[in-house]
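> attaching a predicted model along with its sequence, questions to come.
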Amino acid sequence: GIQVEQSPPDLILQEGANSTLRCNFSDSVNNLQWFHQNPWGQLINLFYIPSGTKQNGRLSATTVATERYSLLYISSSQTTDSGVYFCAVEQGTSGSRLTFGEGTQLTVNP
Amino acid sequence: GAVVSQHPSRVICKSGTSVKIECRSLDFQATTMFWYRQFPKQSLMLMATSNEGSKATYEQGVEKDKFLINHASLTLSTLTVTSAHPEDSSFYICSALQRGTGLSVQPQHFGDGTRLSIL
(Lines give C-alpha, C1' and ligand atoms only; values in the text may rest on other atoms or scores of the structure.)
Protein backbone atom coordinates (compact mmCIF):
# COMPACT_ATOMS: atom_id res chain seq x y z
CA GLY A 1 0.00 0.00 0.00
CA ILE A 2 0.87 3.64 -0.14
CA GLN A 3 3.40 4.98 2.36
CA VAL A 4 2.86 8.36 4.03
CA GLU A 5 5.77 9.93 5.87
CA GLN A 6 5.59 13.07 7.93
CA SER A 7 8.42 15.19 9.23
CA PRO A 8 9.52 16.24 11.69
CA PRO A 9 7.97 13.79 14.19
CA ASP A 10 8.26 16.35 16.98
CA LEU A 11 8.54 20.12 16.93
CA ILE A 12 8.85 22.56 19.80
CA LEU A 13 8.38 26.27 19.13
CA GLN A 14 8.18 29.51 20.99
CA GLU A 15 4.99 31.45 20.57
CA GLY A 16 5.19 33.68 17.50
CA ALA A 17 7.52 31.44 15.53
CA ASN A 18 6.79 30.07 12.07
CA SER A 19 7.02 26.42 11.05
CA THR A 20 6.74 24.08 8.08
CA LEU A 21 5.47 20.53 8.32
CA ARG A 22 6.06 18.09 5.50
CA CYS A 23 4.14 15.09 4.17
CA ASN A 24 5.67 12.77 1.58
CA PHE A 25 3.70 10.03 -0.10
CA SER A 26 4.92 7.13 -2.18
CA ASP A 27 2.34 7.01 -4.96
CA SER A 28 -0.11 9.23 -6.82
CA VAL A 29 -3.15 10.36 -4.86
CA ASN A 30 -6.45 11.98 -5.68
CA ASN A 31 -7.12 13.40 -2.23
CA LEU A 32 -4.97 14.80 0.55
CA GLN A 33 -6.22 16.23 3.81
CA TRP A 34 -4.41 17.94 6.69
CA PHE A 35 -5.82 17.55 10.20
CA HIS A 36 -5.06 18.97 13.61
CA GLN A 37 -5.80 16.67 16.54
CA ASN A 38 -6.21 18.70 19.71
CA PRO A 39 -5.36 17.40 23.20
CA TRP A 40 -8.94 16.15 23.63
CA GLY A 41 -8.63 13.96 20.56
CA GLN A 42 -10.84 16.00 18.27
CA LEU A 43 -9.72 15.83 14.66
CA ILE A 44 -10.07 19.21 13.01
CA ASN A 45 -10.06 19.27 9.22
CA LEU A 46 -7.62 22.00 8.18
CA PHE A 47 -7.32 21.57 4.45
CA TYR A 48 -8.62 19.40 1.67
CA ILE A 49 -5.84 19.92 -0.83
CA PRO A 50 -5.13 17.30 -3.49
CA SER A 51 -3.10 19.92 -5.38
CA GLY A 52 -2.27 23.60 -5.37
CA THR A 53 -2.13 26.09 -2.53
CA LYS A 54 -4.74 27.16 0.00
CA GLN A 55 -4.66 29.60 2.87
CA ASN A 56 -6.82 29.95 5.94
CA GLY A 57 -5.71 32.67 8.33
CA ARG A 58 -2.30 31.83 9.77
CA LEU A 59 -2.27 28.45 8.11
CA SER A 60 -1.55 27.62 4.52
CA ALA A 61 -0.87 24.42 2.63
CA THR A 62 0.70 23.48 -0.66
CA THR A 63 0.52 20.12 -2.41
CA VAL A 64 2.78 19.31 -5.35
CA ALA A 65 1.11 16.15 -6.57
CA THR A 66 3.65 15.47 -9.32
CA GLU A 67 6.47 15.41 -6.75
CA ARG A 68 4.36 13.59 -4.13
CA TYR A 69 4.59 15.94 -1.21
CA SER A 70 2.57 18.46 0.70
CA LEU A 71 3.60 21.22 3.09
CA LEU A 72 1.67 22.82 5.92
CA TYR A 73 2.81 26.28 7.01
CA ILE A 74 1.97 27.71 10.39
CA SER A 75 2.82 31.36 10.91
CA SER A 76 2.92 33.33 14.15
CA SER A 77 2.24 30.17 16.14
CA GLN A 78 0.07 30.28 19.26
CA THR A 79 -0.14 27.93 22.22
CA THR A 80 -3.51 26.76 20.95
CA ASP A 81 -1.76 25.41 17.85
CA SER A 82 -0.26 22.65 20.01
CA GLY A 83 -1.33 19.11 19.18
CA VAL A 84 -0.69 16.52 16.52
CA TYR A 85 -0.86 17.36 12.83
CA PHE A 86 -1.74 14.53 10.48
CA CYS A 87 -1.80 14.33 6.75
CA ALA A 88 -3.90 11.64 5.12
CA VAL A 89 -4.10 10.58 1.50
CA GLU A 90 -6.57 8.73 -0.64
CA GLN A 91 -5.70 6.82 -3.77
CA GLY A 92 -8.06 6.40 -6.69
CA THR A 93 -8.14 2.65 -6.20
CA SER A 94 -8.76 2.78 -2.45
CA GLY A 95 -12.51 3.31 -2.45
CA SER A 96 -12.16 6.64 -0.59
CA ARG A 97 -10.13 5.02 2.19
CA LEU A 98 -7.64 7.40 3.83
CA THR A 99 -4.12 6.41 4.82
CA PHE A 100 -2.73 8.53 7.63
CA GLY A 101 0.84 9.51 8.28
CA GLU A 102 2.35 9.11 11.74
CA GLY A 103 1.83 12.75 12.55
CA THR A 104 3.91 15.69 13.79
CA GLN A 105 3.61 16.48 17.50
CA LEU A 106 3.75 20.27 17.81
CA THR A 107 4.28 22.01 21.12
CA VAL A 108 4.09 25.78 21.24
CA ASN A 109 5.46 27.29 24.44
CA PRO A 110 4.41 30.70 25.76
CA GLY B 1 -22.17 22.25 7.53
CA ALA B 2 -21.02 18.60 7.28
CA VAL B 3 -21.24 17.82 10.99
CA VAL B 4 -20.62 14.29 12.25
CA SER B 5 -21.78 13.45 15.75
CA GLN B 6 -20.32 10.51 17.66
CA HIS B 7 -21.69 9.10 20.91
CA PRO B 8 -20.77 8.38 23.57
CA SER B 9 -17.62 10.45 23.93
CA ARG B 10 -16.30 8.26 26.71
CA VAL B 11 -17.13 4.77 27.97
CA ILE B 12 -15.76 2.86 30.92
CA CYS B 13 -17.02 -0.68 31.36
CA LYS B 14 -16.14 -4.08 32.71
CA SER B 15 -14.40 -6.77 30.74
CA GLY B 16 -16.83 -9.04 28.90
CA THR B 17 -19.51 -6.45 28.19
CA SER B 18 -20.50 -5.18 24.75
CA VAL B 19 -20.30 -1.52 23.86
CA LYS B 20 -22.13 0.28 21.06
CA ILE B 21 -20.82 3.49 19.51
CA GLU B 22 -22.99 5.62 17.23
CA CYS B 23 -21.87 7.82 14.36
CA ARG B 24 -24.41 10.21 12.86
CA SER B 25 -24.19 12.66 10.00
CA LEU B 26 -26.36 15.55 11.22
CA ASP B 27 -26.82 17.73 8.17
CA PHE B 28 -25.99 15.50 5.22
CA GLN B 29 -26.51 12.02 3.90
CA ALA B 30 -23.53 9.68 4.09
CA THR B 31 -23.36 6.78 1.69
CA THR B 32 -20.11 5.64 3.23
CA MET B 33 -18.78 5.86 6.75
CA PHE B 34 -15.42 4.73 8.11
CA TRP B 35 -14.31 3.50 11.51
CA TYR B 36 -10.80 4.15 12.79
CA ARG B 37 -8.93 3.13 15.92
CA GLN B 38 -6.13 5.10 17.53
CA PHE B 39 -3.86 3.85 20.30
CA PRO B 40 -1.99 6.36 22.49
CA LYS B 41 0.78 8.25 20.70
CA GLN B 42 -0.06 6.50 17.43
CA SER B 43 -1.75 7.37 14.18
CA LEU B 44 -5.27 6.51 13.06
CA MET B 45 -5.71 3.04 11.64
CA LEU B 46 -8.70 2.24 9.45
CA MET B 47 -10.74 -0.66 10.81
CA ALA B 48 -13.60 -0.93 8.36
CA THR B 49 -15.62 0.76 5.65
CA SER B 50 -19.37 0.89 6.15
CA ASN B 51 -21.73 1.32 3.21
CA GLU B 52 -25.42 2.01 3.72
CA GLY B 53 -27.52 -1.11 3.24
CA SER B 54 -24.62 -3.52 2.75
CA LYS B 55 -22.07 -5.45 4.78
CA ALA B 56 -19.04 -3.62 6.05
CA THR B 57 -15.61 -4.21 4.54
CA TYR B 58 -13.00 -4.92 7.19
CA GLU B 59 -9.28 -4.20 6.96
CA GLN B 60 -6.84 -7.04 7.26
CA GLY B 61 -6.36 -8.15 10.84
CA VAL B 62 -9.64 -6.67 12.14
CA GLU B 63 -12.01 -9.30 13.55
CA LYS B 64 -15.44 -8.79 12.02
CA ASP B 65 -17.12 -10.88 14.73
CA LYS B 66 -15.50 -8.73 17.39
CA PHE B 67 -16.31 -5.38 15.85
CA LEU B 68 -19.85 -5.43 14.49
CA ILE B 69 -20.75 -2.61 12.13
CA ASN B 70 -24.25 -1.68 11.04
CA HIS B 71 -25.10 1.09 8.56
CA ALA B 72 -28.87 0.89 8.40
CA SER B 73 -29.58 4.41 7.19
CA LEU B 74 -27.89 7.22 5.29
CA THR B 75 -27.23 9.11 8.51
CA LEU B 76 -26.28 6.45 11.05
CA SER B 77 -23.58 3.83 11.43
CA THR B 78 -22.90 1.89 14.63
CA LEU B 79 -19.86 0.02 15.87
CA THR B 80 -20.40 -2.61 18.55
CA VAL B 81 -17.38 -3.97 20.37
CA THR B 82 -18.51 -7.39 21.54
CA SER B 83 -17.20 -9.06 24.69
CA ALA B 84 -14.76 -6.24 25.19
CA HIS B 85 -11.42 -6.87 26.89
CA PRO B 86 -8.73 -4.49 28.19
CA GLU B 87 -6.76 -4.77 24.94
CA ASP B 88 -9.78 -3.26 23.13
CA SER B 89 -9.30 -0.04 25.10
CA SER B 90 -8.60 2.66 22.55
CA PHE B 91 -9.87 5.82 20.90
CA TYR B 92 -12.42 5.04 18.18
CA ILE B 93 -13.23 7.66 15.53
CA CYS B 94 -15.74 7.60 12.72
CA SER B 95 -15.87 9.61 9.53
CA ALA B 96 -18.43 10.10 6.80
CA LEU B 97 -18.47 10.88 3.11
CA GLN B 98 -21.13 13.27 1.95
CA ARG B 99 -23.47 12.03 -0.73
CA GLY B 100 -24.27 13.86 -3.92
CA THR B 101 -21.85 16.78 -3.75
CA GLY B 102 -21.04 16.52 -7.42
CA LEU B 103 -17.36 16.28 -6.56
CA SER B 104 -15.39 13.39 -8.00
CA VAL B 105 -13.46 13.16 -4.75
CA GLN B 106 -14.94 14.14 -1.43
CA PRO B 107 -13.28 15.06 1.86
CA GLN B 108 -14.08 12.94 4.88
CA HIS B 109 -15.78 14.57 7.85
CA PHE B 110 -14.83 13.20 11.27
CA GLY B 111 -16.65 12.72 14.54
CA ASP B 112 -15.09 13.75 17.86
CA GLY B 113 -14.20 10.18 18.82
CA THR B 114 -15.07 7.78 21.62
CA ARG B 115 -12.56 6.93 24.32
CA LEU B 116 -13.19 3.34 25.37
CA SER B 117 -11.70 1.99 28.59
CA ILE B 118 -12.22 -1.65 29.53
CA LEU B 119 -11.46 -2.55 33.14
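Yes, it's here.
> all contacts plus neighbour counts: C-alpha atoms, from now on.
Fine.
> what about the residue nearest to A:Asn38 when sequence neighbours are not counted, how many residues close to it?
Nearest non-adjacent residue to A:Asn38, counting by Cα to Cα, 6 or more residues apart in numbering or on different chains: A:Gly83, 4.9 Å away. Other residues within reach of A:Gly83, judged by other Cα atoms under 10 Å in any protein chain shown, total 19.
> per-residue pLDDT, A:Gly83?
For A:Gly83, the pLDDT comes out at 96.
> buried stuff in the least confident helix or strand in chain B by mean pLDDT?
Scoring the helices and strands of chain B by mean pLDDT, DSSP states H and E places strand B:108-110 at the bottom, with a mean of 89. Buried positions in strand B:108-110, judged by neighbour count with 16 or more other Cα atoms under 10 Å in any protein chain shown: B:Gln108, B:His109, B:Phe110.
> and chain A, which of the residues you listed reach it?
The residues of the buried residues of strand B:108-110 that also fall near chain A, by Cα under 8 Å from any Cα of the partner chain, are B:His109, B:Phe110.
> distance to A:Asn109 added to the buried residues of strand B:108-110, as CSV?
Formatted as CSV, the buried residues of strand B:108-110 follow (distance: Cα to Cα, whole Å):
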residue, distance to A:Asn109
B:Gln108, 31
B:His109, 30
B:Phe110, 28
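> now, which of the buried residues of strand B:108-110 sits nearest chain A?
The shortest gap between chain A and any of the buried residues of strand B:108-110 belongs to B:Phe110, at 6.7 Å (Cα to the nearest Cα).
> distance check, that closest one against B:Ser95.
4 Å (Cα to Cα, to the nearest Å).
> so what's in contact with these two at the same time?
Common contacts of B:Phe110 and B:Ser95 (Cα atoms under 8 Å, 6 or more residues apart in numbering or on different chains): B:Val4.
> show me which residues of chain A sit near chain B.
Chain A comes close to chain B at residues A:30-31, A:33, A:41-45, A:48, A:96-103, as judged by Cα under 8 Å from any Cα.
> can you list which of those residues are found in strands?
Residues of the residues of chain A next to chain B located in strands (DSSP state E): A:Asn31, A:Gln33, A:Leu43, A:Ile44, A:Asn45, A:Tyr48, A:Leu98, A:Thr99, A:Phe100.
> most surrounded residue in these?
A:Phe100 (24 neighbours).
> how about the residue nearest to that residue when sequence neighbours are not counted, what does it touch?
Closest residue in space to A:Phe100, ignoring its immediate chain neighbours: A:Ala88 at 4.2 Å, by Cα to Cα, 6+ apart. For A:Ala88, the contact set (Cα under 8 Å, 6+ apart) comprises A:Val4, A:Leu32, A:Gln33, A:Trp34, A:Leu98, A:Thr99, A:Phe100, A:Gly101.
> likewise for A:Gln3?
Per Cα under 8 Å, 6+ apart, neighbours of A:Gln3: A:Phe25, A:Ser26, A:Asp27, A:Gly101.
> these two touch, right, the last one and A:Val84?
No: contact status for A:Gly101 versus A:Val84: not in contact, 10.9 Å apart, counting by Cα atoms under 8 Å.
> A:Ser76 and chain B: what is the separation?
26 Å (Cα to the nearest Cα, to the nearest Å).
> could I get the pLDDT score of that residue?
98.
> now do the SS call for it.
coil (DSSP: H, G, I helix; E, B strand; the rest coil).
> chain A contacts on chain B?
Neighbours of chain A within chain B, by Cα under 8 Å from any Cα: B:34, B:42-46, B:49, B:105-107, B:109-113.
> that'll do, ta.
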